[in-house]
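S.K.: Requesting a structural model of the entry that follows:
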Amino acid sequence: MVTTWRWIWILILLIGEWLVFRLAVTRCPWPAPSTSLDSNAPERVLLIADPQVTDAYSYDRQGVLLWLTEFYSDLYMQRSYQHVTRQRQPDKIVILGDLMDGGREWDDQGFKTQLGRFYKIFNQQTKTLYMSGNHDIGIRDGIQPHIYERFQQEFGPSSSIHSLAYNHTLVIIDTVTLTNTQPSIRQDALAILDQIAHTNKIGQRVLMTHVPLYRPEQTSCGPLRVQSRPFIYQGYGHQYQNLMEHDISQAILEQVQPELVFSGDDHDFCKVTHKYKKDDLLALEYTVPTFSMSQGVRQPGYMLLQATEQSLVPQLCWLPDQLGIFIMYGFLAGVTMILSFISHIYSLIVKRRMKRMKKNDEEQVLDVDSTMTTTSLLYGTVLLTLSDIKEVALVAFPFYLFCILLL
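M.R.: Numbering: from 1, shown residues only. Below is the predicted model:
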């Protein structure tokens with residue numbers, strides 16, 4: 001019985017710590033070329049949003065609880081990132097802001113410490129473009145020049161233009177800074193907008209913004225949204241803003257003229273269509289799900305973008321439900337205890353009945369010792385069940401540590 005449970009636990013742990021991550025990526029290949037004319041290799045871009053590396057500013061947690069939260073959040077993203085990059089091998093990666101949860105709060109030494117965690121999760125083996133989010137530098141007039149400059153010194157310009165294959169163009173606009181009133185903070189984003197507005201458009205353009213663009217109130221995000229709230233509403237608060245204002249959104253769309261828009265910040269998937277230039281042009285916006293298990297959604301995700309000869313082709317991908325994995329482990333632990341208890345109590349009952357059958361005065365034994373027999377039966381069963389659990393754990397727990405450290 002113990003050997004069977006050991007193998008069951010090894011199998012379930014292997015599934016929960018490795019196979020579900022691999023299968024999640026395997027089930028989401030690069031989108032197919034739009035037509036058979038795409039004979040050359042396309043350029044492939046991986047889009048990651050809101051990793052928000054969990055830290056002391058994330059939750060009201062301290063000590064061991066904070067350490068466990070940080071550990072499992074980092075492990076989930078590191079494991080997901082490794083599976084995605086190894087299987088998909090993107091040419092570029094874009095992280096659409098909110099790199100750290102408390103990035104804007106840390107002093108320089110604390111920021112350096114969190115950078116170590118960030119780069120341990122997201123290695124720099126593939127060319128990566130980093131965007132700023134409100135958790136990185138703040139928003140509106142909450143942006144401090146030193147924090148903004150520190151982010152740019154570490155991650156590079158937060159607004160930029162990049163060429164993709166087949167004359168397509170990727171435009172990154174730091175919409176977070178556009179909410180600020182200081183010219184020194186807004187100027188880089190405005191300069192990129194002016195540059196792209198005066199550049200002849202050849203292929204398609206894709207716009208990257210951390211804050212989603214404005215849409216009418218209660219505009220549906222489509223059926224693939226995870227949260228019960230089916231739309232992104234406009235809201236303001238301390239260092240956050242859910243949507244860009246209407247006028248700024250229209251100005252960005254008219255200057256960039258994108259076919260596709262990708263945004264972050266909301267943590268859940270959303271798909272909406274924008275009209276601009278007096279409704280003559282359309283842009284399809286995808287809000288990329290958070291990459292983290294710790295940001296309020298059960299189903300994290302990412303997106304793929306393929307630049308083909310004919311067009312830019314997006315693909316939504318989902319990551320495993322980590323809470324569901326933990327629930328599966330808890331359910332298996334309960335089943336292990338219950339079935340082990342039932343197995344032992346059944347075995348002891350059978351043995352005692354066999355012994356009683358050998359006695360001549362069975363009725364007398366039952367009358368005198370029935371209470372003691374029941375008590376000793378339960379006690380013996382509990383001891384045997386605990387012994388089984390210990391023997392299973394002696395194999396399952398080291399294997400779990402192996403999975404955490406090496407898979």
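
S.K.: Any idea what the closest residue to residue 316 other than its chain neighbours is bridged to?
M.R.: What sits nearest to residue 316 in space, not counting adjacent residues and going by C-beta to C-beta, 6 or more residues apart in numbering, is residue 303, at 5.6 Å. For every residue, glycine as well, the C-beta is placed using N, CA and C. In this entry, residue 303 is beta-bridged to residue 47, residue 316, by DSSP bridges.

S.K.: Tell me which other helices or strands the strand or helix carrying residue 189 touches.
M.R.: Here residue 189 is covered by helix 183-197, with elements defined by DSSP states H and E. Contacts defined by 3 or more C-beta pairs under 8 Å, 6 or more residues apart in numbering; DSSP states H and E place helix 183-197 against helix 145-155, strand 160-163, strand 169-172, helix 175-178, helix 246-256.

S.K.: List the neighbouring strands of the third one plus their orientation.
M.R.: Right, the one you point to is strand 169-172. Strand 169-172 has these partner strands in its sheet, going by DSSP bridges: strand 160-163 (antiparallel), strand 205-209 (parallel).

S.K.: quick one: which of those strands is nearest residue 10?
M.R.: strand 205-209 (43.0 Å; C-beta to C-beta).

S.K.: Show me how far the closest one is from its chain's centre.
M.R.: Chain-centre distance of strand 205-209: 21 Å, with C-alpha atoms, centre = their mean, to the nearest Å.

S.K.: for stretch 235-249, same thing?
M.R.: 23 Å.

S.K.: same thing with stretch 43-52?
M.R.: The answer for stretch 43-52 is 11 Å, by C-alpha atoms, centre = their mean.

S.K.: quick one on the thing from earlier: let's have the helices and strands packed on helix 183-197 in CSV, adding mean pLDDT, distance to residue 111 and mean neighbour count.
M.R.: Putting these into CSV (pLDDT from 0 to 100; distance: least, C-beta to C-beta, whole Å; neighbours: other C-beta atoms under 10 Å) gives the following:
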stretch, mean pLDDT, distance to residue 111, mean neighbour count
helix 145-155, 97, 7, 16
strand 160-163, 97, 22, 16
strand 169-172, 98, 22, 24
helix 175-178, 98, 17, 27
helix 246-256, 97, 29, 18
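
S.K.: looking at these, which is closest to residue 44?
M.R.: Nearest to residue 44, of these and by C-beta to C-beta, is strand 169-172 at 12.3 Å.

S.K.: Tell me the buried residues in stretch 84-104?
M.R.: 84-85, 88, 90-104 (16 or more other C-beta atoms under 10 Å).

S.K.: burial count for the residue nearest to residue 316?
M.R.: 23 (other C-beta atoms under 10 Å).

S.K.: And the one 3 residues further on, by the same measure?
M.R.: Using other C-beta under 10 Å as the criterion, residue 306 is surrounded by 23 other residues.

S.K.: and the strand or helix carrying it, what does it pack onto?
M.R.: Assessed by DSSP H and E, residue 306 sits inside strand 301-307. Applying 3+ C-beta pairs under 8 Å, 6+ apart, one finds that strand 301-307 contacts strand 43-48, strand 260-263, strand 312-318.

S.K.: Distance to residue 217, mean neighbour count and mean pLDDT added to those strands, as CSV?
M.R.: Listed next are the helices and strands packed on strand 301-307 as CSV, based on distance: least, C-beta to C-beta, whole Å; neighbours: other C-beta atoms under 10 Å; pLDDT from 0 to 100:
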stretch, distance to residue 217, mean neighbour count, mean pLDDT
strand 43-48, 27, 23, 98
strand 260-263, 17, 25, 98
strand 312-318, 24, 19, 97
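
S.K.: Could you save those strands as TSV and add columns showing distance to residue 165?
M.R.: Formatted as TSV, the helices and strands packed on strand 301-307 follow (distance: least, C-beta to C-beta, whole Å):
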stretch	distance to residue 165
strand 43-48	4
strand 260-263	15
strand 312-318	10
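
S.K.: Noted, bye for now.
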